[in-house]
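Got a sequence here, can you build the structure:
(2 chains)
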Amino acid sequence: MSDLIANIGFLQQGPFAIPRWEALFSNIDLLWQGTIVTLTVASLGLALALVLGTVLGVMAASHWRVPRAFTRAYVEFYQNTPLLIQVFMIFNALPMVFSGLFIPVITIGILGVGMYHGAYISEVVRAGIQSIGRGQLEAALSQGFTYVGAMRYIIIPQAMRIVLPPLTNQAVSLIKNTSVIAIIAGGDLMYAGDAFAGRFGHYGPTYVIVGLGYFLMCFPLAMLARRLEDRTRVL
Amino acid sequence: MEAIMNTPVVMMLRDPVLYLGLGQGLMLTLQIAALSIVLSFGFGTILGAMRYSGVPGIKHIAASYVETVRNLPTLLLILVSYFVLGLPAMWAATIGLTIYTSAIIAEVIRGGLNSVPTGQWEAARSQGFSFLQSMRYIVLPPAVVKMIPPIVSQFVTVIKDSSFAMAIGAYELMFKGTILAAVYWRPSQIITIYVVISLVYFTVNFIISMVARRLQTKLSVGRGSIGD
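Model prediction:
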């Protein structure tokens, strides 16, 4: 058996050789630590994106001109510039403006993906609110609800069903996008993998496992989004 | 006036080296983005058609490709193209983006085709249209209308994601900017460079977004509700 394996060239040499896999699995806790960082950045980033997106989305759907113009500008800026440069702004430029300011790299990641996906989520929320129909809001206001109260009790609960599938898709993109902090040595899964692979040249197995890690985080959510989409279509 | 002209930021903004560098970077960014859009359109059409065909083996190959790639970070695909496939930086970026964008375009194409009710197919076939004729004259016209706006807005995503190529040292806009930020080392200059790069990305992407939005309204008004 071992003779057989020894004679199969690509198992002994090349990018996916067995010794490379062994080296990776004996250092697998490096990738675990990276995964924990990725999950932290993703979950806190998602929380920030949801809060920001809801506030901006409600503002964008309102009839007040100034908040609407503000959210428009915010959304256009964030959707039309790369996340990477936004992260670099926080990483490099912000400490220069406020000299001596130290922002931990995980916080940079949370702020970066949170503000970026907040823009996308605000568009989702706005579309959801606008799909409910003006009459509902007018009815609620005429019954003595405040604007915020009407949103809270009448509009948003109904909009939720329309909003959930695209929101779940945003969560998937957000998890994938946390990988940009690898470029600023963020210590996340991508960085951990890249650092390990770069040190010993075991790129093949490392990227397979890193990819599997991201896939396992994203695929269940992508499936959930699909199922939610099917449910809203039936209703 | 003299004092303003001699501030580091204004000196930098008057230096042609800045614009030469950023211009070269923008050119490579657009080149990478355009190439990957064209390639992705080809592969995406094949994958989308494979999945739409419903033929057991073929459908599953396309579906597993799409579902796998959609759940991987683009940065990872670029790194794989560079380090594992061993491509030169510019091509690694192009291929990495193509692997991802093909999956997205495949879904857009499948969605467009699916939006045409099966009744239209059956009506066309019953009137003696061949498969290709039904496709060409009945199914594709309303389907393509549905596909164009999301494909155009995918341009924006590709241009933005091409900035990940700085991780493998391709001299696109983002990386060029970072290099220039090391040449002009003063904080005020570095901040200005970042603002300028953002504005360049913004201008290009905003124009494309506007085109996508314009197409969406124009096409949906012009062609009516055939596919709805």
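
Please enumerate the helices of chain B.
B:2-5, B:8-13, B:16-53, B:56-70, B:74-79, B:89-114, B:118-126, B:131-133, B:140-161, B:173-183, B:187-223 (DSSP state H).

Adding mean neighbour count, distance to chain A and mean pLDDT, write those helices out as TSV.
All C-beta spots, glycine's among them, are computed from the backbone N, C-alpha and C. Below are those laid out as TSV (neighbours: other Cβ atoms under 10 Å in any protein chain shown; distance: least, Cβ to the nearest Cβ, whole Å; pLDDT from 0 to 100):
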stretch	mean neighbour count	distance to chain A	mean pLDDT
helix B:2-5	7	20	74
helix B:8-13	15	13	83
helix B:16-53	18	10	93
helix B:56-70	15	7	94
helix B:74-79	26	5	96
helix B:89-114	23	10	94
helix B:118-126	13	16	87
helix B:131-133	11	28	86
helix B:140-161	20	4	90
helix B:173-183	20	6	91
helix B:187-223	17	4	86
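
what would these look like in JSON lines with distance to A:F98?
Shown next, in JSON lines, are the helices of chain B (distance: least, Cβ to Cβ, whole Å):
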{"stretch": "helix B:2-5", "distance to A:F98": "24"}
{"stretch": "helix B:8-13", "distance to A:F98": "18"}
{"stretch": "helix B:16-53", "distance to A:F98": "25"}
{"stretch": "helix B:56-70", "distance to A:F98": "39"}
{"stretch": "helix B:74-79", "distance to A:F98": "29"}
{"stretch": "helix B:89-114", "distance to A:F98": "34"}
{"stretch": "helix B:118-126", "distance to A:F98": "61"}
{"stretch": "helix B:131-133", "distance to A:F98": "64"}
{"stretch": "helix B:140-161", "distance to A:F98": "27"}
{"stretch": "helix B:173-183", "distance to A:F98": "18"}
{"stretch": "helix B:187-223", "distance to A:F98": "11"}
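
who does the helix or strand hosting A:V66 touch, helix- and strand-wise?
Per DSSP states H and E: A:V66 is located in helix A:65-80. With contacts taken as 3 or more Cβ pairs under 8 Å, 6 or more residues apart in numbering or on different chains; DSSP states H and E, helix A:65-80 sits against helix A:28-61, helix A:105-130, helix B:140-161, helix B:187-223.

Could you export those helices to JSON lines, including columns for distance to B:A103?
Below are those laid out as JSON lines (distance: least, Cβ to Cβ, whole Å):
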{"stretch": "helix A:28-61", "distance to B:A103": "21"}
{"stretch": "helix A:105-130", "distance to B:A103": "19"}
{"stretch": "helix B:140-161", "distance to B:A103": "11"}
{"stretch": "helix B:187-223", "distance to B:A103": "19"}
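
Output the helix holding A:V66 as CSV - backbone C-alpha positions only.
The C-alpha coordinates for helix A:65-80 follow below in CSV (Å, rounded to 0.1, in the frame of the first residue of the first chain):
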residue,chain,number,x,y,z
ARG,A,65,-35.9,66.0,2.7
VAL,A,66,-32.7,66.4,4.7
PRO,A,67,-32.5,62.8,6.2
ARG,A,68,-33.4,61.5,2.8
ALA,A,69,-30.7,63.4,1.0
PHE,A,70,-28.2,62.3,3.7
THR,A,71,-29.0,58.6,3.4
ARG,A,72,-28.9,58.9,-0.4
ALA,A,73,-25.4,60.3,-0.3
TYR,A,74,-24.3,57.7,2.3
VAL,A,75,-25.6,54.8,0.3
GLU,A,76,-24.2,56.1,-3.0
PHE,A,77,-20.8,56.6,-1.5
TYR,A,78,-20.6,53.3,0.3
GLN,A,79,-22.0,51.2,-2.6
ASN,A,80,-19.8,52.8,-5.2
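
How far off centre is it?
Computed by Cα atoms, centre = their mean, to the nearest Å, the chain-centroid distance of helix A:65-80 equals 20 Å.

so after it, what's the next helix or strand?
With DSSP H and E, the next secondary element past helix A:65-80 is helix A:83-88.

for the helix or strand following that next one, packing partners?
Counting by DSSP H and E, the next helix or strand C-terminal to helix A:83-88 is helix A:94-97. Where contact means 3+ Cβ pairs under 8 Å, 6+ apart, helix A:94-97 is packed against helix B:187-223.

how much does the helix it packs on deviate in direction from helix B:16-53?
Compare the direction of helix B:187-223 with that of helix B:16-53 by axes from the mean of the first three to the mean of the last three Cα atoms, to 10 degrees and you get 40 degrees.

Run the chain-centre distance for helix B:187-223.
With Cα atoms, centre = their mean, you get 13 Å for helix B:187-223.

how about the helices of chain B, which one is nearest A:Y214?
For these, proximity to A:Y214 was assessed by Cβ to Cβ; helix B:74-79 is nearest, at 6.8 Å.

ok, and what's touching the closest one?
Contacting residues not belonging to helix B:74-79 are listed as A:176, A:179-180, A:182-183, A:190, A:194, A:203, A:207, A:210-211, A:214, B:69, B:92-93, B:96-97, B:99-100, B:161, B:164-165, B:167-168 [Cβ atoms under 8 Å, 6 or more residues apart in numbering or on different chains].

Export only the CA atoms of it, formatted as CSV.
Extracted in CSV, the C-alpha atoms of helix B:74-79 (Å, rounded to 0.1, in the frame of the first residue of the first chain):
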residue,chain,number,x,y,z
THR,B,74,-13.5,36.6,-3.9
LEU,B,75,-10.2,37.4,-2.2
LEU,B,76,-9.7,33.6,-1.6
LEU,B,77,-10.3,32.9,-5.3
ILE,B,78,-7.8,35.6,-6.3
LEU,B,79,-5.2,34.1,-3.9
